[in-house]
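Chemist: could you look at this predicted model? Sequence included:
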Amino acid sequence: MRTDVACTLTISAPVPATAFLQVAVATPTTEELTIVSAGTARTAIETQVLGARVHELELAAGETTIAYSASVESGGPAREVTPADRAEYLRPSRYCPSDQIEGYASTEFDQTTDRAELVGQVASWVGNRLVYVAGASRPVDTAIDTLLAGSGVCRDYTHLTVMLLRALEVPARLVAVYAPGLAPMDFHAVVEADVDGVWKTVDPTRLAPTSSLVRICHGRDAADTAFLSLFGGRATLGRMTVTATVDGQLPAPSDEPFPMS
């Protein structure tokens, strides 16, 4: 199955600034990135970092338009969980302070449950516990803030799921994706968890089918996976569009078995 994805970002900067962009898919069949800053075409420097392709670009003062598009063929081998992965994704992180909630997690879930079933239980618990409300959370909110508030968006659902899994000694990480079928369309965040030595994907929001997700990058939490980071100057994000379509019929999220990779 072929999936086509695209995004367009418009950024306004009163002074020159540096931007780190994470919108490129992990394994494209074809792709194109165009950047026009203050009326002049610019190029970006691509850097490979753990779990991501980062494009660094210099923004001129004024308006910058970034357009990215790619095609991806689904399939490929499962991603194995390495010893380095276990060391990194069992530890607490900026938005997922799992060390602060170990006692709570152990009272809500039975850690001896079969791993695949346990991951499913945690994701379902989060999906039932939270209410999806656009704009309900702040960029600085941690998973504990989300738990107390009882609402959030996809990054909040993912942070809470990741935090609980790590507290239960299950390696887990956030994955930024393009999500065909998501409504309204936007960049999306889901969870990958270690199930029998393989990374398995689960979406606690159940807003899009996991079998058609297109990976952008993964990391400890949203601090590692932001689609745009700005440094050395002030800038504001204006218009943004995201699209993701498949060339076949899209399955319904509720029709999919857990977990899918």
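Modeler: Nice, thanks for sending it over.

Chemist: what's the residue lying closest to residue 21 once chain neighbours are set aside sitting at in phi/psi?
Modeler: Spatial nearest neighbour of residue 21, excluding adjacent residues (CB to CB, 6 or more residues apart in numbering): residue 55 at 4.3 Å. C-beta: built from backbone N, CA, C; applies to glycine. Residue 55 adopts backbone torsions of phi -110, psi 120, taken as degrees, to the nearest 10.

Chemist: partners of the residue nearest the centre of the chain in the sheet?
Modeler: The centre of the chain sits closest to residue 176, judged by CA atoms, centre = their mean, with a distance of 2.1 Å. Per DSSP bridges, the residues bridged to residue 176 are residue 189, residue 217.

Chemist: residues contacting it?
Modeler: 22, 187, 188, 189, 215, 216, 217, 218, 225, 227 (CB atoms under 8 Å, 6 or more residues apart in numbering).

Chemist: also residue 138?
Modeler: By CB under 8 Å, 6+ apart, the residues touching residue 138 are residue 145.

Chemist: would you quantify the distance from it to residue 9?
Modeler: 21 Å (CB to CB, to the nearest Å).

Chemist: same deal with residue 248?
Modeler: The spacing between residue 248 and residue 9, counted by CB to CB, is 28 Å.

Chemist: show me which of those two is the more surrounded one.
Modeler: Neighbour totals were compared for residue 248 and residue 9, and residue 9 leads with 21 against 10 (other CB atoms under 10 Å).

Chemist: buried stuff in stretch 38-51?
Modeler: Neighbour-count burial for stretch 38-51 flags 44, 51 (criterion: 16 or more other CB atoms under 10 Å).

Chemist: okay, and for the stretch 151-261 of the chain, where does confidence drop off?
Modeler: Scanning the stretch 151-261 of the chain for pLDDT under 70 picks out 254-261.

Chemist: mind listing the helices for it?
Modeler: For the stretch 151-261 of the chain, the helices defined by DSSP state H, counting those that start in this stretch occupy 154-167, 222-225.

Chemist: show me where the stretch 1-150 of the chain has helices.
Modeler: According to DSSP H, counting those that start in this stretch, the helices that the stretch 1-150 of the chain contains are 83-89, 102-108, 115-129, 143-149.

Chemist: extract the C-alpha trace of stretch 2-11 and format it as PDB.
Modeler: C-alpha atoms of stretch 2-11 as PDB (Å, rounded to 0.1, in the frame of the first residue of the first chain):
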ATOM      1  CA  ARG A   2       1.400   3.400  -0.900                       C
ATOM      2  CA  THR A   3       0.900   6.400   1.400                       C
ATOM      3  CA  ASP A   4       1.300  10.000   0.300                       C
ATOM      4  CA  VAL A   5       2.000  12.600   2.900                       C
ATOM      5  CA  ALA A   6       2.700  16.400   2.800                       C
ATOM      6  CA  CYS A   7       2.900  19.400   5.000                       C
ATOM      7  CA  THR A   8       3.300  23.200   4.600                       C
ATOM      8  CA  LEU A   9       4.500  25.500   7.300                       C
ATOM      9  CA  THR A  10       4.600  29.300   7.200                       C
ATOM     10  CA  ILE A  11       6.900  31.000   9.700                       C
END
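
Chemist: from the chain's centroid, how far away is that stretch?
Modeler: Stretch 2-11 has its C-alpha centroid displaced from the chain centroid by 15 Å (CA atoms, centre = their mean, to the nearest Å).

Chemist: just stretch 217-227 next, same as before
Modeler: On CA atoms, centre = their mean, the centre of stretch 217-227 falls 6 Å from the chain's centre.
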